[in-house]
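In: quick one: sequence and predicted model below, then my questions.
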2 protein chains.
Amino acid sequence: MRIGELAQQAGITTRTLRHYESLGLLPARRTGNGYRTYDEEDLRLLRQIRTLADFGFGLEETRPFVECLRAGHPAGDSCPASLEVYRRKLAELDDCIEDLQRVRAEVGAQLARAELARAALQAEADIPGGPPPRCAFTPPDTAPGSSKP
Amino acid sequence: MRIGELAQQAGITTRTLRHYESLGLLPARRTGNGYRTYDEEDLRLLRQIRTLADFGFGLEETRPFVECLRAGHPAGDSCPASLEVYRRKLAELDDCIEDLQRVRAEVGAQLARAELARAALQAEADIPGGPPPRCAFTPPDTAPGSSKP
DNA sequence: GTAGACCTTGACGTCGGCGTCAAGGCCAGC
DNA sequence: GCTGGCCTTGACGCCGACGTCAAGGTCTAC
């Protein structure tokens, strides 16, 4: 199978396949005219790469999995090096999720605070005399928010 | 204050300040000799930028906050445009966290599965006759895992 | 023989937020 | 005047995973 067909089967572009080859991740045999040629095994390797890449693994991180498959093991994660990548990725994901959750909480709090502040200003603007006084007494001169009577 | 001093006060580099200026985010006045000069207000704007940037906001996303401060509002998030950025960021964070949690679950499951598979293979290797039979009866010919006696 | 669909290599562009030179100007202290 | 420390602009580098264009070779069908 040639590069175009493999790309189509895998739902990627030929550029991507050439990129993988340039990294030594998925080298190709060549036909007489110099065209790249692939077989079903290459499709398996490619699927392994894409599965991990879609999970957010860097291409270098997929290498142990590909080499594991190429060594004849039943699955890409049958080798210790692959498991180590899994573990590192899990730790990385946990750190990242934790960070994002902290940020999310901070931003959410800021938004709530800012919306309250705006609501307060709005209330002030709605009532030209300022916020409703807590008692019937109205101060003689220094009424807040009455700069534009 | 000159660029080096502002950078030091903010804990960033002069390159970063020049970068912000090139984006029009934090323009500087100039002294007679062409040196950039900043005041306390610029430090406020810069602090606003850095706070958001440290939260993972893109520099363009900090612009509404900076413009809000520059317009004389009490806080960078006193303006509707800033609140809109907050809300978009929250949605973005939620999506991202959700994605990462899904991936984390998937990777965790894969790791568990692969570890189990390896443990099974290990057990098979430890006992040359294959896994211990569930009863005393040993099958005559088709003993599993005994391809290498 | 020629159009068109496929393939080749090479090289530059993208996105963000700067880092890192390079070549030179300005100013203070000795 | 001269050293050293600050400043200036300009321009290329980096990271990752490709996109995109250019110039050309190969094969099939008509």
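Out: On my side now, so go ahead.
In: scan chain A for its longest helix.
Out: helix A:80-126 (DSSP state H).
In: are that helix and DNA strand D in contact anywhere?
Out: No. Helix A:80-126 does not reach DNA strand D (CB under 7 Å from any atom of the strand); its nearest approach is 12.2 Å. For glycine as for every other residue, the C-beta is placed from the backbone atoms N, C-alpha and C.
In: give me the mean pLDDT for that helix.
Out: Per-residue pLDDT values over helix A:80-126 give a mean of 91.
In: what packs against it?
Out: helix A:59-70, helix B:80-126 (3 or more CB pairs under 8 Å, 6 or more residues apart in numbering or on different chains; DSSP states H and E).
In: quick one: closest of those to residue B:67.
Out: Taking CB to CB, helix B:80-126 is the member of the helices and strands packed on helix A:80-126 nearest to residue B:67, at 7.7 Å.
In: host element of the residue nearest to the spatial centre of chain A?
Out: For chain A, the residue nearest the mean C-alpha position is residue A:56 (7.1 Å; CA atoms, centre = their mean). Using DSSP states H and E, residue A:56 is not contained in any helix or strand.
In: how close does whichever residue of chain A sits closest to DNA strand C sit to residue A:13?
Out: Among the residues of chain A, residue A:4 lies nearest to DNA strand C; the distance is 2.6 Å by CB to the nearest atom of the strand. Distance of residue A:4 to residue A:13, computed by CB to CB, to the nearest Å: 10 Å.
In: repeat for residue A:37
Out: 18 Å.
In: one more: residue A:71?
Out: Where residue A:13 is concerned, residue A:71 sits at a distance of 28 Å (CB to CB).
In: neighbour-wise, which of the two wins?
Out: residue A:13 (13 against 9; other CB atoms under 10 Å in any protein chain shown).
In: the closest residue to that one other than its chain neighbours: neighbouring residues, count only.
Out: Distances taken as CB to CB, 6 or more residues apart in numbering or on different chains place residue A:7 nearest to residue A:13, at 5.8 Å, with adjacent residues excluded. Using other CB under 10 Å, residue A:7 is surrounded by 19 other residues.
In: what lies in contact with stretch A:15-31?
Out: A:3, A:6-7, A:36-38, A:42, A:45-46, A:49, A:59-60, A:62-63, A:66 (CB atoms under 8 Å, 6 or more residues apart in numbering or on different chains).
In: just the CA trace of that stretch, in CSV.
Out: Written as CSV, here are the backbone C-alpha positions of stretch A:15-31 (Å, rounded to 0.1, in the frame of the first residue of the first chain):
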residue,chain,number,x,y,z
ARG,A,15,2.6,14.9,5.4
THR,A,16,2.1,13.4,8.8
LEU,A,17,3.4,10.1,7.6
ARG,A,18,6.4,11.7,6.1
HIS,A,19,6.9,13.5,9.4
TYR,A,20,6.8,10.3,11.3
GLU,A,21,9.4,8.8,9.0
SER,A,22,11.6,11.7,9.4
LEU,A,23,11.6,11.0,13.1
GLY,A,24,12.4,7.4,12.5
LEU,A,25,9.1,6.5,14.1
LEU,A,26,7.6,4.8,11.1
PRO,A,27,10.2,4.1,8.4
ALA,A,28,8.9,2.9,5.0
ARG,A,29,10.2,0.4,2.5
ARG,A,30,10.5,1.7,-1.0
THR,A,31,9.4,0.4,-4.4
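In: ranking the helices and strands packed on helix A:80-126 by burial, who's on top?
Out: Comparing the helices and strands packed on helix A:80-126 by mean neighbour count (mean count of other CB atoms under 10 Å in any protein chain shown), helix A:59-70 ranks first with a mean of 19.
In: could you pull up the mean pLDDT of it?
Out: 98.
In: mind checking if it is in reach of DNA strand D?
Out: Yes. Helix A:59-70 reaches DNA strand D (CB under 7 Å from any atom of the strand) through A:59, A:60.
In: understood, closing this out.
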